[in-house]
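Undergrad: Okay, predicted coordinates and the sequence, questions at the end:
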Amino acid sequence: INSEYKLNMKDTFFEEEQFGTIEQELRKVMDFFYIKIRNEETIYYTGLNRKLSALRFKSKRTYSCEAGRKSLTVDERGNYFACQNMIPYKQTILGDVDAGITENKKNRFRSKDLEVLADCRNCTIRNLCAGGCVVEHTNPNKRAKQQMCRIFHIEWNNMLYLYALLMEAKKK
């Protein structure tokens with residue numbers, strides 16, 4: 001996928017009626033996972049165990065990822081980014097292999113502590129997603145941020161659904 005893909009709103013934004021379809025399809029995926037887990041089959045989704053464990057142990061995340069904290073990405077030109085998802089956005093370049101990293105840019109584009117994200121203060125899933133992808137927070141497009149939050153709500157509602165199924169089956 002080329003860098004322009006994420007900048008193309010036609011390809012990256014869902015219409016209102018599509019969210020219902022996303023919810024239905026994700027519910028089918030959770031039912032599929034439930035059957036696989038019950039049958040003790042391997043599931044090739046690295047985030048599933050992490051998310052189910054977060055629910056099981058009531059974990060609270062304080063920031064969304066390692067972007068600019070414990071990881072950096074270097075593109076083919078030698079430019080540093082806080083994460084690979086920032087590469088299409090040249091304004092997020094932190095520096096380069098010759099000049100080094102500009103500390104104030106690193107601080108600007110690294111994942112933020114959940115407490116400083118005003119949009120997340122009253123969110124019901126704030127401690128599960130911890131603000132979501134940093135790229136969406138740096139995007140000035142409010143619609144992108146709203147869509148990200150809506151998708152995370154759909155995802156975590158479905159994770160809760162799967163977790164409830166598993167806990168109910170455990171009682172039997």
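TA: In hand now; what should we look at?

Undergrad: buried ones in stretch 72-88?
TA: Of all the residues in stretch 72-88, those buried under the rule 16 or more other Cβ atoms under 10 Å are 72, 73, 79, 80, 81, 82, 83, 85, 86, 87, 88. Placement of C-beta: from N, CA and C, glycine included.

Undergrad: Could you do stretch 25-39 as well?
TA: Quick answer for stretch 25-39 (16+ other Cβ under 10 Å): 26, 30, 33, 34, 37.

Undergrad: now it, how far from the chain's geometric center?
TA: Offset of stretch 25-39 from its chain centre (Cα atoms, centre = their mean, to the nearest Å): 21 Å.

Undergrad: what mean pLDDT would you report for that stretch?
TA: Across stretch 25-39, pLDDT averages out at 97.

Undergrad: And the contacts of it?
TA: Contact with stretch 25-39 is made by 42-43, 45, 48, 154-155, 158-159, 161-162, 165-166, 169, as judged by Cβ atoms under 8 Å, 6 or more residues apart in numbering.

Undergrad: mind putting those residues in CSV, distance to residue 57 included?
TA: Shown next, in CSV, are the contacts of stretch 25-39 (distance: Cβ to Cβ, whole Å):
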residue, distance to residue 57
42, 22
43, 19
45, 19
48, 15
154, 23
155, 19
158, 19
159, 14
161, 18
162, 16
165, 18
166, 14
169, 19
